[in-house]
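[1] here is a sequence together with a model predicted from it:
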Amino acid sequence: MISRGPRRWARWLAGAAVAAVAVIVGGTFVYIHFISGPAPAPLTLHATTGASQSAAPAGASAPAGASAPAGSLAGTWKPGAGSTVGYRVQEVLFGQNNTAVGRTGSITGGITIRGTTVTAGTFTVQMAAITSDQSQRDAQFRGRIMNTSAYPTGTLTLTRPMRLAPVPAVGTVKTFSASGNLTLHGHTRPVTFKLSAERTASQIEISGSIPVLFANWDIPNPGFGSAVTTQNHGELEFLLKLARS
């Protein structure tokens, strides 16, 4: 007579494995959707007037009602309180779709404006200061992914002047195209991206995002085994609140 013991153990182990997977997936679903909550919204401007306009061609006259406020823009402008830079990456965590977001306000640098043209601009971020809602994710980010001990900073330097004229009125958002060199993980690559800018009573606020294909900067894929998988790219997003220095 064949013993049923081994078969019972096999069925028990299979059932335990299924139950464990269910607990992990179900627990992850509950955490993402009910405990952790939705990911932070993308960094954007909130125009005080609700108006917006695209960058006008060089030499074009300003639209009616969009004249520049009194006071020159010329000078040096640096990041102030509320400035934020970070990443946004789509991931699958134990079968559940999730948006990973990490951010920091540790930003230095600024832009130089002569007349109505941005003639220079450089911003540097302390990479180890970027945090998300998961300490394990942050440890991976600082360690094997970005290796912040070897590459402590990320830098964006503009490589072409940006003409601001016609300068929009306070509270009006205007869109520009920018070109620069982005340095991440010890590698520098040229980037071109759109940004939105708004002049307030005392600041210049800028927001935008830059697509980052990880392989172009030799950044390891953030995925971790089969438990956490990610796309092969992400976004570097920013909201800069610049004050005259």
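    In hand now; what should we look at?

[2] residues contacting the residue lying closest to residue 150 once chain neighbours are set aside?
    Closest residue to residue 150 apart from its sequence neighbours, by CB to CB, 6 or more residues apart in numbering: residue 186 at 7.1 Å. From N, CA and C alone the C-beta is placed, and that goes for glycine too. Contact analysis of residue 186 by CB atoms under 8 Å, 6 or more residues apart in numbering lists 150-151, 218.

[3] next one: residue 186 from residue 46, what distance?
    According to CB to CB, to the nearest Å, residue 186 and residue 46 sit 36 Å apart.

[4] same check, this time on residue 106
    Residue 106 is 23 Å from residue 46, by CB to CB.

[5] so which of the two has more stuff around it?
    residue 106 (17 against 10; other CB atoms under 10 Å).

[6] isn't that one up against residue 129?
    Yes. If you go by CB atoms under 8 Å, residue 106 and residue 129 touch, sitting 3.9 Å apart.

[7] could you break this protein into its assigned domains?
    1-37, 42-59+71-244 (automatic domain parsing).

[8] ok, of these, where does mean pLDDT dip lowest?
    Note on these: lowest mean pLDDT is at domain 1-37, with a mean of 48.

[9] residue contacts, residue 119?
    With CB under 8 Å, 6+ apart, residue 119 has these contacts: 112-113, 161.

[10] buried subset of those residues?
    Buried by 16 or more other CB atoms under 10 Å: residue 113, out of the contacts of residue 119.

[11] which one of the contacts of residue 119 is nearest residue 143?
    Ranked by distance to residue 143 (CB to CB), the contacts of residue 119 are led by residue 112 at 36.1 Å.

[12] quick one: whichever strand or helix holds residue 89 to chain centroid distance?
    Element membership of residue 89 [criterion: DSSP states H and E] is strand 84-93. Put simply, strand 84-93 sits 7 Å off its chain's centre (CA atoms, centre = their mean, to the nearest Å).

[13] following element in sequence after it, please.
    Using DSSP H and E, the first helix or strand after strand 84-93 is strand 96-104.

[14] list the buried residues in that following strand.
    Buried residues in strand 96-104 (16+ other CB under 10 Å): 96, 98, 100-104.
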